[in-house]
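>>> coords please:
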Amino acid sequence: MSTHSSAWDEDYRKRRALWGGAPGPLPDIPADTAVLELGCGNGKTLAALTRRSPNVTAVDISPHAINLAKRHPGTAGVNFVLADAECLPFSRESFDAVFLVHIVGHLTESGRRAIASEVCRVLRPGGTAFFREFSVEDMRAGKGVEVEPQTFQRGDGIITHYFTETEAAELFASLTPVSVRTHRWTMRIRGRDLPRAEIEAVFRKGEVI
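Residues are numbered from 1 along each chain as shown. Model (predicted):
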């Protein structure tokens, strides 16, 4: 297990359900869609995905995360796979939809490019990738040790990269952008309104002619 994956596994071992609350908005998808979620964590998004399709595969690099997700309500029918999203154990064109919710931003530049390549490989023609990551406008951008441009490492060894809309589109340049936008809101902490921002993007793989 790499240093990066060990940091995540240790975090899940100590803190267990790292991600709580309701998942962010998810798109409607056809009921027979073959869905892949990369970086499923403790299963925050999975129950909502299984309500949209019975054919859901979930990948995470952390054994502790997988075990937590298996116990999450609504995930009994999910196919869980312990794997590195940079090198997926699936054949080409296996999925109609791939969800990447706060996974790509926890990788270095080489890792981000590897995962984008894998997404393109496993998507079927006409398939869709749904991407959500923190923006450079988010209040947490710039906090920690900068290990690469706009990529910061916190004390537990976990890194977070903060995206621009242009960067997100360029990362998935092999796919066609359907929409790339910044979602902004404020979070009130100790009497102060602080800016939160995420890049939300949808990309589609071209049909074979």
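>>> Name the next helix or strand downstream of the lowest-mean-pLDDT helix or strand in the chain, please.
Taking all helices and strands of the chain together, the one with the lowest average confidence (mean pLDDT, DSSP states H and E) is helix 3-15, at a mean of 51. Along the chain past helix 3-15, the next helix or strand (assigned with DSSP states H and E) turns out to be strand 35-38.
>>> what's that next one in contact with?
Outside of strand 35-38, the residues within contact range by C-beta atoms under 8 Å, 6 or more residues apart in numbering are 29, 45-46, 49, 52-53, 55-59, 85, 90, 94-101, 103, 115, 119, 122. (Glycine included, C-beta is placed from N, CA and C.)
>>> Report the secondary structure state of residue 47.
Taking DSSP: H, G, I helix; E, B strand; the rest coil as the rule, one finds residue 47 in the helix state.
>>> From the contacts of strand 35-38, keep the buried residues only.
With neighbours counted by 16 or more other C-beta atoms under 10 Å, the contacts of strand 35-38 contain buried members at 29, 45-46, 49, 52-53, 55-59, 85, 94-101, 103, 115, 119, 122.
>>> Low-confidence regions, this protein specifically.
Counting by pLDDT under 70, the chain contains low-confidence residues at 1-25, 208-209.
>>> In it, mark out all the strands, start to finish.
Defined through DSSP state E, the strands belonging to the chain, from first to last, are 35-38, 56-60, 79-82, 95-101, 123-134, 145-148, 151-153, 159-161, 176-189, 192-204.
>>> want to throw the ones you listed into TSV with distance to residue 66?
Written out in TSV, the entries for the strands of the chain read as follows (distance: least, C-beta to C-beta, whole Å):
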stretch	distance to residue 66
strand 35-38	12
strand 56-60	5
strand 79-82	5
strand 95-101	16
strand 123-134	21
strand 145-148	27
strand 151-153	24
strand 159-161	21
strand 176-189	28
strand 192-204	25
